[in-house]
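# Any chance you could fold what I've pasted below:
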Amino acid sequence: MKDLNNVYVLLVQPTGEFNVGLAARAAANFGVAGLRLINVPLGIASASLHYSSGGRELLLNAQFYRRLDDAIADLDYSIATTARTGGRTNVLRETYRPASILPFVNSGKKIGIVFGREDRGLTNEELMKCDFSVTIDTYEKYRVLNLSHAVAVLLHYIFINVNQERASQHEPLIRLREVFLQEFSELMKKSGYPERKWQETWLTMRRLLVRSDPEEWELALITGSLRAANRALNLAADQKKDQ
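Numbering: from 1, shown residues only. Next up, the predicted model:
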């Protein structure tokens, strides 16, 4: 049976009982693994359960988190959605087509798709926490979709294009990716790379790393080379101090 049993739908500070209920219903239509709600202090309203229809069980079993960091901590990849796009002049809001999600879903890894607030979407800080962003093509004069519509459109696209024979899940490389990016950050700082470019370069490297989806041994090998470079720079700096 076809489903999206390695995909989680994350709703950040969702408002409106109607929207929450219909978003849960849309998620249930495509067999997602679960629903995660972030920063919803009052819990689930009875009206949301009413509007959820066949998504009632998914909504009743939803997990609640105070912070986005906690909601994505156990996921292999977190993918943000946004209607406010950028590009080379605004790397943070550079977005990709929904097709970019498919390789990760097909791999069997745990994927979280993060949907923002109805009125203003995801903040820059929240986008930084996600691995990359996607946008749904719409009429250019009115880009913003209703929350439940966005959930339905994006999940439907993934559902009809996903490889049914997905690979089994493997141990997440989250920690190894973190170590790689830490070493990369240290190398930028110690090498004299312009500080004004640190964040943009770090973000670009992170997205390149995610989209290339390296094997564990490949990532470990490259991380080791960065660590060796940092050690060499530390040694050179210490020797310079002793002179």
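# which residue sits closest to residue 39 in space, ignoring its chain neighbours?
residue 13 (4.5 Å; C-beta to C-beta, 6 or more residues apart in numbering). Bear in mind the C-beta positions are built from the backbone N, C-alpha and C, glycine included.
# After the lowest-mean-pLDDT helix or strand in the chain, which helix or strand is next?
Least confident helix or strand, the chain: helix 46-52 with a mean of 84, by mean pLDDT, DSSP states H and E. Using DSSP states H and E, the next helix or strand after helix 46-52 towards the C-terminus is helix 56-60.
# buried residues in that following helix?
56, 58, 59 (16 or more other C-beta atoms under 10 Å).
# gap between the closest residue to residue 191 other than its chain neighbours and residue 174?
Distances taken as C-beta to C-beta, 6+ apart place residue 233 nearest to residue 191, at 6.9 Å, with adjacent residues excluded. According to C-beta to C-beta, to the nearest Å, residue 233 stands 27 Å off from residue 174.
# same thing with residue 240?
36 Å.
# mind listing what residue 159 touches?
2, 4, 30, 31 (C-beta atoms under 8 Å, 6 or more residues apart in numbering).
# Check which helix or strand it maps to.
In the assignment (DSSP H and E), residue 159 maps to helix 147-161.
# Tell me which helix or strand comes right after that helix.
For helix 147-161, the following helix or strand on the C-terminal side (DSSP H and E) is helix 174-191.
# mind listing what's buried in that following helix?
Neighbour-count burial for helix 174-191 flags 174, 177, 179, 180, 181, 183, 184, 185, 186, 187, 188 (criterion: 16+ other C-beta under 10 Å).
# Can you lay out those as CSV showing pLDDT?
Converted to CSV, those look like this (pLDDT from 0 to 100):
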residue, pLDDT
174, 77
177, 86
179, 91
180, 92
181, 92
183, 92
184, 93
185, 93
186, 92
187, 93
188, 92
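# For the chain, which strand extends over the most residues?
strand 4-12 (DSSP state E).
# Output it as CSV, nothing but the C-alphas.
What follows is strand 4-12 as a C-alpha-only set of coordinates in CSV (Å, rounded to 0.1, in the frame of the first residue of the first chain):
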residue,chain,number,x,y,z
LEU,A,4,4.3,8.6,3.0
ASN,A,5,5.2,6.7,6.2
ASN,A,6,8.6,8.4,6.6
VAL,A,7,7.2,11.9,6.2
TYR,A,8,6.1,14.1,9.2
VAL,A,9,4.1,17.2,8.8
LEU,A,10,5.1,20.0,11.2
LEU,A,11,2.8,23.1,11.7
VAL,A,12,4.4,26.1,13.4
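# which phi and psi does the residue nearest to the spatial centre of the chain have?
Nearest to the geometric centre of the chain sits residue 78, at 2.0 Å (C-alpha atoms, centre = their mean). Per-residue torsions, residue 78: phi -120, psi 130 (degrees, to the nearest 10).
# now residue 206
According to degrees, to the nearest 10, residue 206 has phi -60, psi -50.
# got the contact list for the nearest residue to it once chain neighbours are set aside?
Setting aside the residues directly before and after it, residue 206 is nearest to residue 181 in space (C-beta to C-beta, 6+ apart), at 6.0 Å. Applying C-beta under 8 Å, 6+ apart to residue 181 gives the contacts 202, 205, 206, 209.
# Helix 174-191 and the lengthiest helix in the chain, what's the angle between them?
Ranked by residue count under DSSP state H, the longest helix found in the chain is helix 216-242. Interaxial angle of helix 216-242 relative to helix 174-191 (axes from the mean of the first three to the mean of the last three C-alpha atoms, to 10 degrees): 30 degrees.
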